[in-house]
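1. give me a model of this one.
(2 chains)
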Amino acid sequence: MSEEDHVFFRGKKVNILIDCVTFQLNSPSASIWHEVIKVFSVQDGIKLTLLDRGGTPKVGGVSYIEFPSYNWHNTAADSLLIDRFGQEAKADIFLSSLYTTPTTLPAVLLVSEFDHIYKSKRCLAEKRLAAHHASYVICLSSRAYRQSKRFVNHQERLVRVAPEMEINVLKDFSSKIATLVGILRDQFLRAMREGLTPSNQIFQNEWHRLRSIQAEVDTWP
Amino acid sequence: MCLKQGEGLLNEAPKCWSLTKSMRRIFKLGSGLAPQMSNAEFLIILGELLYPAGISPGEFETLRIKLGDRTYKRRRFASRLLENKINDFQHQLEFHQEPPDSFWLMGNRNWQKISKMDWEAKAATLNLDLSAQQASIQSPRLNFSHSGCYTVSAIASLYKGGKYIEKFLTNITSQTIFDRSELIIIDANSPDREGELIAEFQKYYPNIIYKRMDYQVGIYEAWNIGIGLARGDYITNTNLDDLRSSDSFNLQASVLQKHSFVDVVYQDFLYTIDSKLGYDDVALMDCKSELPIATPNNMLMFNSPHNAPMWRKQLHKELGFFDTDFKSAGDYEFWLRCLTHHKTFFKINDPHIVYFKNPEGISTKPDTVGVIECQRIQKRYRPQLLSKYLKMPYADFINVLGGRPGFFKSKRYYDEVQKQLVRLPR
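-> So this is what the prediction gives:
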């Protein structure tokens, strides 16, 4: 945390809420997430709370919330529930391991090229929403960047890791995790600062209102 | 062309339109069918008349899409719907003639069905000898002492439960937090003399309350009596033929303790059709429900929390007790009542409860008490739980979203909200 950030947060720990849906769905990027959680769990100034939908590995020093499993149904209701738990846990920022979203919490999205395997209509809709809701979308590879460009309206919110730091789950990536976590921290702080601006507050309130309506009109059981 | 509700197209159509003879006929007929109603009102009433449980949110939306915003098609639409319903009814009669020893896994997206034969085949692959199985019944814990505080009150209605009572008492008293719980058994004047065994258990467990009624009470009356006696903050119902894992009470109570906004906690559950199997063996069979997050829309279709949920006793102070007019679906009525008061339901993934599906008692026939009661309840709560947004005409709905109607209308309102969300300026 920089000096400026220390002043901004007044020494308070940053409370990160991570939706560990990737472990429940056993998606290809689960191994990356395991490493990210392990690195975050030992960092100063960070409190980690995980939404455990099933299969989330146990890591010391981390809080777990048991959370209903995900099945791409009732996605708007799921989103409202995430937000409610986020508020209760006093989370500062949300990070999803796939395309789930809160409503009023600022969020950062981390995308690997393997997350694009989910291609049903509802998956694509949720992907689009997650990309639009997130303050920043971090792409782990140039391919993920190309794929994500289609989903992000404002390209300045798209962050691409340096070519030498690209992460591929099929190759050894353990040495790159610390750098990735550094990037995530930077984006978290930016997202949290921006989250407090009036325009963002309007965005989040309106997002919450629309997502609540969407939950009410979701007739897909 | 946007029509005012209730007005025939003939009055509104531009003069230049050249209408075919058949179109003119439809319009003429349509203009006379309930012109004072909006399309939503028309569909709800049509649903009330044609569907035993009224119209579900999903069906409502499908029909609204088919009818569109037009009013002139109503008569033909109603007659086609009636025709479809007659065909469906015929199909349903055939469907229910299937062997009664099979059942659907609740919430399963693929409508997976398990029959007794499937069950036995799976048991064979797991080397479970069903004929030899006998759940281990442990003797009471001699050193049991109650803490004096009551977190959970488990209520049970007892009638002709002689076959299950010993296994039931052993199962409930082995709960890890039984020293902070109580078991309240309301004997509905059962002829099986279960009271004698219960008295034996009471010697070791002072937190078992047994009350025998001198007349045969219904299940919900028994539950209400139990709730009246309960000292715990949280209530759960226990069926004599169900089983729980030893941490079941604890898992449910922890959620209510940790999350103050949760009012009712429920879970996926394991099925068994063999009452002799113990919890671990049933868990190996892995035949479980896949329940969704409870929302008004899916709760109007099925009762997700029906198997051994846990809820705050406070709810009864606020919303009243179970409705004793019902014989089988009084709990469903109470959960829908909770939803109309915006209470929060929360699902635990861990299937820590075994639900005994009696192969001789399985019945989904349309004329059983349970099914008829569910339909009555759905009809009662649909007006309150069907979202006002679903009932809005398209233009009004878009207006609420704060957008402009696009050139391409989405069929489903969900998709319209989706469009507005991704257009939202940051």
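2. endpoints of stretch B:404-421, how far apart?
-> Looking at stretch B:404-421, the gap from its leading to its trailing residue is 13 Å under the measure Cα to Cα, to the nearest Å.
3. report how many residues lie close to A:Ile82.
-> Using other Cβ atoms under 10 Å in any protein chain shown, A:Ile82 has 25 other residues around it. Where you see a C-beta, it was placed from the backbone N, CA and C, and this is true even at glycine.
4. for it, what are its contacts?
-> Contacts for A:Ile82 (Cβ atoms under 8 Å, 6 or more residues apart in numbering or on different chains) come out as A:Leu17, A:Asp19, A:Leu51, A:Phe67, A:Phe94, A:Thr100, A:Thr101, A:Pro102, A:Thr103.
5. if you set the cut-off to 6 Å instead, what comes out?
-> Going by Cβ atoms under 6 Å, 6 or more residues apart in numbering or on different chains, A:Ile82 touches A:Pro102.
6. now name the helix or strand holding it.
-> Assigned by DSSP states H and E, A:Ile82 belongs to helix A:75-88.
7. flag the shaky bits of chain B, pLDDT-wise.
-> Counting by pLDDT under 70, chain B contains low-confidence residues at B:1-32, B:92-101, B:130-140, B:359-367, B:405-408.
8. domains in chain B, as residue ranges please.
-> When chain B is parsed into structural domains using automatic domain parsing, the resulting residue ranges are B:1-95, B:135-383.
9. looking at those, which is closest to B:Asn399?
-> The closest of the domains of chain B to B:Asn399 is domain B:1-95. By Cβ to Cβ, the value is 12.7 Å.
10. spell out which parts of the stretch 101-250 of chain B neighbour chain A.
-> Taking Cβ under 6 Å from any Cβ of the partner chain, no part of the stretch 101-250 of chain B reaches chain A.
11. what distance do you get for the residue in the stretch 101-250 of chain B that chain A sits nearest to to B:Pro292?
-> Scanning the stretch 101-250 of chain B for proximity to chain A using Cβ to the nearest Cβ identifies B:Arg109 as nearest, at 7.3 Å. To B:Pro292, B:Arg109 is 10 Å away according to Cβ to Cβ, to the nearest Å.
12. neighbour count winner among these two?
-> The neighbour count for B:Arg109 versus B:Pro292, taken as other Cβ under 10 Å, is higher for B:Pro292 (23 against 12).
13. residues contacting that one?
-> B:Pro292 is in contact with A:His73, A:Asn74, B:Gly107, B:Asn298, counting by Cβ under 6 Å, 6+ apart.
14. number of nearby residues for the residue nearest to the second one when sequence neighbours are not counted?
-> Meaning A:Asn74. Excluding its sequence neighbours, the residue lying closest to A:Asn74 (Cβ to Cβ, 6 or more residues apart in numbering or on different chains) is B:Ile293, at 4.8 Å. Taking other Cβ under 10 Å as the criterion, the count of residues near B:Ile293 is 22.
15. element containing B:Ile293?
-> In the assignment (DSSP H and E), B:Ile293 maps to no helix and no strand.
16. hang on, the earlier thing: most packed of the domains of chain B?
-> Burial among those, expressed as mean neighbours by mean count of other Cβ atoms under 10 Å in any protein chain shown, is greatest for domain B:135-383, which shows a mean of 18.
17. ok now that one, how far from the chain's centre?
-> For domain B:135-383, the separation from the chain centroid amounts to 14 Å (computed by Cα atoms, centre = their mean, to the nearest Å).
18. which residue is the nearest non-sequential neighbour of the most centrally placed residue in chain A?
-> Note on chain A: the residue nearest the mean C-alpha position is A:Leu95, at 2.2 Å, using Cα atoms, centre = their mean. In space, not counting the residues next to it along the chain, A:Leu95 is nearest to A:Ile18; the distance is 4.9 Å by Cβ to Cβ, 6+ apart.
19. what secondary structure does that neighbour sit in?
-> On the three-state scheme (DSSP: H, G, I helix; E, B strand; the rest coil), A:Ile18 is labelled strand.
20. who is it paired with across the strands?
-> A:Leu50, A:Leu95 (DSSP bridges).
21. can you tell me how far it is from B:Leu126?
-> Relative to B:Leu126, A:Ile18 is positioned 36 Å away (criterion: Cβ to Cβ).
22. what are the ranges of the helices in chain A?
-> A:3-9, A:21-25, A:30-41, A:75-88, A:121-133, A:142-149, A:177-195, A:198-216 (DSSP state H).
23. compare the ones you listed and say which comes out lowest on pLDDT.
-> Taking the average pLDDT of each of the helices of chain A, the minimum falls on helix A:3-9, with a mean of 58.
24. mind putting the helices of chain A in JSON lines, distance to B:Leu386 included?
-> Converted to JSON lines, those look like this (distance: least, Cβ to Cβ, whole Å):
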{"stretch": "helix A:3-9", "distance to B:Leu386": "46"}
{"stretch": "helix A:21-25", "distance to B:Leu386": "30"}
{"stretch": "helix A:30-41", "distance to B:Leu386": "39"}
{"stretch": "helix A:75-88", "distance to B:Leu386": "16"}
{"stretch": "helix A:121-133", "distance to B:Leu386": "22"}
{"stretch": "helix A:142-149", "distance to B:Leu386": "38"}
{"stretch": "helix A:177-195", "distance to B:Leu386": "35"}
{"stretch": "helix A:198-216", "distance to B:Leu386": "9"}
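25. do you know which of these lies nearest B:Met213?
-> Each of the helices of chain A was checked against B:Met213 via Cβ to Cβ, and the shortest separation belongs to helix A:75-88, namely 40.8 Å.
26. quick check: angle from the closest one to helix A:198-216?
-> Our comparison of helix A:75-88 with helix A:198-216, counting by axes from the mean of the first three to the mean of the last three Cα atoms, to 10 degrees, yields an angle of 130 degrees.
27. now do the buried residues in helix A:75-88.
-> For helix A:75-88, the buried set under the neighbour-count rule, 16 or more other Cβ atoms under 10 Å in any protein chain shown, comprises A:Thr75, A:Ala76, A:Ala77, A:Asp78, A:Ser79, A:Leu80, A:Leu81, A:Ile82, A:Asp83, A:Arg84, A:Phe85, A:Gly86.
28. just give the number of residues close to the closest residue in space to B:Ser289 that isn't next to it in sequence.
-> Spatial nearest neighbour of B:Ser289, excluding adjacent residues (Cβ to Cβ, 6+ apart): B:Met106 at 4.2 Å. Burial measure for B:Met106: 18 neighbouring residues, criterion other Cβ under 10 Å.
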